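A.B. asks: the following comprises the amino acid sequence and a computationally predicted model.
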Amino acid sequence: MTDKILEGRVALITGASRGIGRSLAKHFAEQGAHLILTARTQGALEELDDELRAAGHEAPTLVPCNLTDFDTIDKIGAAIFERFERLDVLVGNAGTLGTLSPITHISPKEWQKVLDTNLTANWRLIRSMDPLLKASDAGRAIFVTSSVGHQARSYWGTYAVSKAALEMTAGIYAEECVKTNVKVNLINPGGTRTQMRTEAMPGEDPETVKSPDAINHLFLELASPACTVNATMVDAEQELAAGHTAYAL
């Protein structure tokens, strides 16, 4: 029996070129997953590919793309079906912050861009990957949210609205999957050392917030075939404060 929790599992991670997605890709590779990685920047994906290969992991499948080119998502789904006939893990991590400003000052163009990236792209992923997740013996879908998705906060406008809608979208999908092998959950990472965090908090010392590596185990638990929870939002800050630092299903 392998001690690698994702041995032989097929996992799609969006926004994999940096931050949480990049850290997660390396962790899932260590746990034996075959990775399908998307990001807008091909060079950053190739650097990650080199790093994974150098560490002795299986070469990932790289998909440089902009997920707001929505037809691309359907093409990814078709390619996964042709090659694997299933998808075991979907991590909807890709996102954009937008401008932090009064909600009355946000331009319609920016409003649409943020919603397309953070909300509609994830809905299109659900729509395209659902048959593949259900073809798995234990399909797992995980979406990344934020506290502003359920706690109104001044100036977070479009980002907060997009995350609130994503939480409802994931929740509805979770309820619709109750009688299937698919589990659908959300993670709120809290303050994490990423480029998006730097954009949101430019005066903050990045060393005062946790590394993305600190929360990989929480994603791993939700990605595991042994996971039993569904329609749950995991608050990473609360889990870490409670001493939840190891795989503990």
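C.D. replies: It's in.

A.B. asks: number of residues surrounding residue 103?
C.D. replies: Close neighbours of residue 103, defined as other C-beta atoms under 10 Å, add up to 13. All C-beta spots, glycine's among them, are computed from the backbone N, C-alpha and C.

A.B. asks: wait, I meant residue 148
C.D. replies: Neighbour tally, residue 148, other C-beta under 10 Å: 19.

A.B. asks: contacts only, for it.
C.D. replies: By C-beta atoms under 8 Å, 6 or more residues apart in numbering, the residues touching residue 148 are 156, 159, 160, 163.

A.B. asks: relative to residue 196, which of those is nearest.
C.D. replies: Of all the contacts of residue 148, the one with the least separation from residue 196 (C-beta to C-beta) is residue 159, at 9.2 Å.

A.B. asks: min pLDDT across the contacts of residue 148, which one?
C.D. replies: When the contacts of residue 148 are sorted by pLDDT, the bottom entry is residue 156 at 93.

A.B. asks: thinking again about what came up before, take the contacts of residue 148 and keep only those in strands.
C.D. replies: The members of the contacts of residue 148 all map outside strands under DSSP state E.

A.B. asks: Serialize these to a markdown table and add fields for neighbour count and distance to residue 47.
C.D. replies: Below are these laid out as a markdown table (neighbours: other C-beta atoms under 10 Å; distance: C-beta to C-beta, whole Å):
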| residue | neighbour count | distance to residue 47 |
| --- | --- | --- |
| 156 | 21 | 31 |
| 159 | 25 | 27 |
| 160 | 24 | 32 |
| 163 | 25 | 28 |
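
A.B. asks: identify the farthest-apart pair in the residues you listed.
C.D. replies: 156 and 163 (8.9 Å).

A.B. asks: okay, and the helix or strand of this structure with the least pLDDT?
C.D. replies: Every helix and strand of the chain was ranked by mean pLDDT, DSSP states H and E. The lowest is helix 195-200, at a mean of 86.

A.B. asks: got the contact list for residue 83?
C.D. replies: No contacts exist for residue 83 under C-beta under 8 Å, 6+ apart.

A.B. asks: i'd like the first residue to be 214 from this point on
C.D. replies: Yes, from this point I'll number from 214; that puts the last item at residue 296.

A.B. asks: roughly how far apart are it and residue 348?
C.D. replies: Going from residue 296 to residue 348 by C-beta to C-beta, to the nearest Å gives 13 Å.

A.B. asks: residue 249 now?
C.D. replies: Separation of residue 249 from residue 348 (C-beta to C-beta): 15 Å.

A.B. asks: more crowded one of these two?
C.D. replies: Neighbours per residue (other C-beta under 10 Å) separate residue 249 from residue 348, with residue 249 holding more: 24 against 16.

A.B. asks: all helices of this protein, in order?
C.D. replies: 232-243, 255-267, 283-296, 321-328, 334-348, 370-389, 408-413, 429-436, 449-454 (DSSP state H).

A.B. asks: dump the ones you listed to TSV, plus distance to residue 310.
C.D. replies: Output for the helices of the chain, formatted as TSV (distance: least, C-beta to C-beta, whole Å):
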stretch	distance to residue 310
helix 232-243	12
helix 255-267	18
helix 283-296	21
helix 321-328	8
helix 334-348	15
helix 370-389	6
helix 408-413	5
helix 429-436	21
helix 449-454	18
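
A.B. asks: separation between the spatially most central residue of the chain and residue 269?
C.D. replies: Closest residue to the average C-alpha location of the chain: residue 306 at 2.5 Å, with C-alpha atoms, centre = their mean. From residue 306 across to residue 269, the span is 24 Å (C-beta to C-beta).

A.B. asks: also residue 455?
C.D. replies: 34 Å.
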